[in-house]
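In: Okay, here's the prediction I keep looking at, along with the sequence it came from:
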Amino acid sequence: MTRPSLRAAHECDLRLYHVTDSALSGGIGAVPAVVLAAVRGGAGMIQLRDKDATDADLVELVEECRRVLGAQLGARAAQIPLVVDDRLAVAEQTRCHLHVGQDDATPAYAREVLGPDLMIGLSTGTPAQVREALAAGEADLLGIGPIHSTATKTDAAAPLGIDGLTACLAPWHEAARTVGSPLPRTVAIGGIDETAAAPIAATGVEGICVVSQIAAAADPQAASARLLAAFTRGAGQASNSGRGPAGRPRIGHRIGHGIGQEDQA
Ligand SMILES: Cc1ncc(COP(=O)(O)OP(=O)(O)O)c(N)n1
Ligand SMILES: Cc1ncsc1CCOP(=O)(O)O
Ligand SMILES: [Mg+2]
């Protein structure tokens, strides 16, 4: 039986995933408005990332984002998962989804704390890390990157480029062909702008994760809409054969490889 969090991940539209940056957006107080603009522009998932904020600040930010999205979008707000970066305690307190890196709390430990309902994302940057994440089976989403160079994350590894992204996706594509159960979703991150979005989509990755091109944009809604359009164009070219990113037929999901009909009962 599929874990509820993995089922939830397969319900998400993560073609465009915005990760916030308080400094680039003019302070933590400005973040909820940027989040709303990103969602209005088409972002289907939001991660709250602020290395300088206290846990209490982040709890307040989660609550304020929920309040603003709920007030402005009504029932649609429930379709936009909020994820917190790094802070397991904040995720636990607010019942928010969590993203962890290779040096953060392990997905297995986070799962123990958060239970089966909340999504856990995991950063990967090598084919071996993707393979390991697939074998461990705790992550619902894999962030792959950095794809291109970025000023946003000062301790980022060397960029993978499109070839490196393709290599990281190979174990996932192989598992999609051979494993019967649903896999974690995949998104690319790092240095992604409008020009980069389409070639990234053509690799079959299911979404792009974008910080600065939205957080620092004069019009974050318009920037989000352009990024989503560019990614969707590239993904359309990749699947002109009528097959999904995993190279097999799409099965009734909004985007990407999905949970089989037999699994939905
Ligand atoms: C979706 C997604 N992918 C990767 C990251 C990077 O996480 P991490 O490697 O832990 O680095 P920090 O973001 O914590 O600096 C991410 N946040 N989101
Ligand atoms: C958090 C993170 N993880 C890998 S690269 C990165 C930063 C991406 O930021 P930007 O979209 O501004 O390049
Ligand atoms: Mg981290």
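Out: Done, it's in. Residues are numbered from 1 along each chain as shown. Ligands and ions are numbered 1, 2, ... in the order given.
In: Could I get the buried residue list for the helix or strand harbouring residue 175?
Out: Residue 175 belongs to helix 161-178 when assigned by DSSP states H and E. By 16 or more other CB atoms under 10 Å, the buried positions in helix 161-178 come out as 162, 164, 165, 166, 167, 168, 169, 171, 172, 173, 175, 176. The way it works is simple: take the backbone N, C-alpha and C, and place the C-beta from them, glycine included.
In: could you dump those to a markdown table with distance to ligand 3 and pLDDT?
Out: Formatted as a markdown table, the buried residues of helix 161-178 follow (distance: CB to the ion, whole Å; pLDDT from 0 to 100):
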| residue | distance to ligand 3 | pLDDT |
| --- | --- | --- |
| 162 | 24 | 98 |
| 164 | 20 | 98 |
| 165 | 19 | 98 |
| 166 | 24 | 98 |
| 167 | 22 | 98 |
| 168 | 18 | 98 |
| 169 | 21 | 98 |
| 171 | 22 | 98 |
| 172 | 21 | 97 |
| 173 | 26 | 95 |
| 175 | 24 | 96 |
| 176 | 26 | 94 |
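In: other SSEs contacting the helix holding residue 175?
Out: Helix 161-178 sits against helix 127-136, strand 141-144, strand 185-189, helix 194-201, with contacts defined as 3 or more CB pairs under 8 Å, 6 or more residues apart in numbering; DSSP states H and E.
In: so which of the ones you listed gets nearest ligand 1?
Out: strand 141-144 (2.0 Å; CB to the nearest ligand atom).
In: For residue 116, the count of nearby residues, please.
Out: 11 (other CB atoms under 10 Å).
In: Just flag the most distant two among the buried residues of helix 161-178.
Out: Spanning the widest gap among those are 162 and 175, at 20.8 Å by CB to CB.
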